[in-house]
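Trainee: The following block contains a protein sequence and its predicted model.
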Amino acid sequence: MIDDREFRSVTSWLEECHPPLLVSHQRPDGDSLGALTAMAAALRGCGKEPLAVLYAPLPAPYAFLSDATEWRQWSAVRDTLAARCDALVIVDTCALAQLEPIGDFLPDAPRTLVIDHHATRDAIGLRPGDLRCFDETASAVCLIIAEWARSAGIELDQAATSALFVGIATDTGWFRFTNTDARTLRVAAELLDGGADASALYRALYLQDPPEKVHLVARALAGLTLEAGGRLAVMRLRRADFEATGADGSMTENLINEAARLGSTEATLLFTEDPDGVVRVNFRSKQRLDVAELARRFGGGGHARAAGARVRGRWDDVVPQVLAATIAAL
């Protein structure tokens, strides 16, 4: 857990930013988007002009965050943003593989702050003037940011508290994953007191799916196989599945959890064929298997119970390799 001294270092570092560029990983989830939203709000409250960046349009399930800050597209305004910012703040990742769109910008980026809760770390934020703020015990990066804001005495508006609640709730599986601890629930309660509406946020995230996503889930479950004596559930999504359902890549978020209800399984794999020659692999485990270590073998990373990797190669080569490694680990 991060102490007040380290949080004061973060606050002092941010006080020198005019303006900071805020980024996270590709394919942003609730935790990364919540962190960007809340950090932008906190910095605006301190008189800064943060520049929040995405690499693609805001994912449809998070449309309710569209007005919480001004979202800029990196590809459209990269040169302008790079010229304006005097600091870079990276949240929810310290992995180069997840920052490919800004990969050529990073070596010459201005001083950099990284705030993250993952164990996978590359050489980012290590130059003179850079700063790292890590806490692997935190259930979400939004938990770290909520605690920093409290330590710094920053009052967050309802949009920011809602965004932080979304980040914590989604990274804990709406408080049912093993990373849900008393610390997480205490901060979540503070955010509810600050105006977050848990029921409304749940409806916005999980009860608004289009038919295309439901059909994609059906195809994933229809093709589910059990390996390793029933201890491993495997789902596969090829390009033909997306074409047949009209779904897009953003609709795979949380799909891997559909197989977790199987009582015999310890782990689940979801293979997704991306159109750019990459096989995306999502790993989940229930109690024992360290899927972060598995993901690292294939250039990815994450948490012990939830991780991912993007593996470049032929489907018929990548899938058997990852499957064999997972079965051996089990």
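Mentor: Cool, the structure landed. Note that the structure is a prediction, hence the values are computed from the model and not measured.

Trainee: gap between the residue sitting furthest away from the middle of the chain and residue 327?
Mentor: Farthest-out residue of the chain from its mean C-alpha position, per CA atoms, centre = their mean: residue 229, at 31.4 Å. Noted for residue 229: a distance of 10 Å to residue 327, by CB to CB, to the nearest Å. C-beta coordinates here come from the backbone N, C-alpha and C atoms, glycine included.

Trainee: could you pull out the strands for this protein?
Mentor: All strands of the chain, identified by DSSP state E, fall at 20-23, 51-54, 71-73, 87-91, 112-116, 131-134, 225-227, 232-237, 267-273, 278-285, 301-302, 306-312.

Trainee: Can you flag the weakest of the ones you listed by average pLDDT?
Mentor: Looking at the strands of the chain, the lowest mean pLDDT belongs to strand 301-302 (a mean of 88).

Trainee: which outside residues touch that strand?
Mentor: 95, 97, 118-120, 283, 291-292, 295, 307-309 (CB atoms under 8 Å, 6 or more residues apart in numbering).

Trainee: ok, those residues vs residue 132, which is closest?
Mentor: Distance to residue 132, by CB to CB, is smallest for residue 118 among the contacts of strand 301-302, at 12.1 Å.

Trainee: The closest one: what's it in contact with?
Mentor: Residues near residue 118 by CB under 8 Å, 6+ apart: 92-95, 136, 292, 301-303.

Trainee: can you check residue 236 too?
Mentor: By CB under 8 Å, 6+ apart, the residues touching residue 236 are 220, 223, 270-271, 319.

Trainee: swap the cut-off to 6 Å and go again
Mentor: For residue 236, the contacting residues are 223, 271, by CB atoms under 6 Å, 6 or more residues apart in numbering.

Trainee: what does the domain assignment say about this protein?
Mentor: With automatic domain parsing as the criterion, the domains of the chain are listed as 4-205, 211-329.

Trainee: Could you look over the ones you listed and pick the most buried one?
Mentor: When you average the neighbours per residue for each of those (mean count of other CB atoms under 10 Å), domain 4-205 leads with a mean of 19.

Trainee: Span of that domain from start to end?
Mentor: Here the two ends of domain 4-205 are set 33 Å apart, with distance taken as CA to CA, to the nearest Å.

Trainee: quick one: contacts of stretch 102-114?
Mentor: With contact meaning CB under 6 Å, 6+ apart, stretch 102-114 is reached by 13, 86-90, 94, 124-125, 129-132.

Trainee: from those residues, which is closest to residue 76?
Mentor: Nearest to residue 76 among those, with distances taken as CB to CB, is residue 88, at 18.2 Å.

Trainee: Okay, the closest one and residue 21: tell me how far apart.
Mentor: Taken as CB to CB, the span from residue 88 to residue 21 is 5 Å.

Trainee: cool, and residue 133?
Mentor: From residue 133 across to residue 21, the span is 17 Å (CB to CB).

Trainee: what's the answer for residue 124, then?
Mentor: In terms of CB to CB, residue 124 sits 14 Å off from residue 21.
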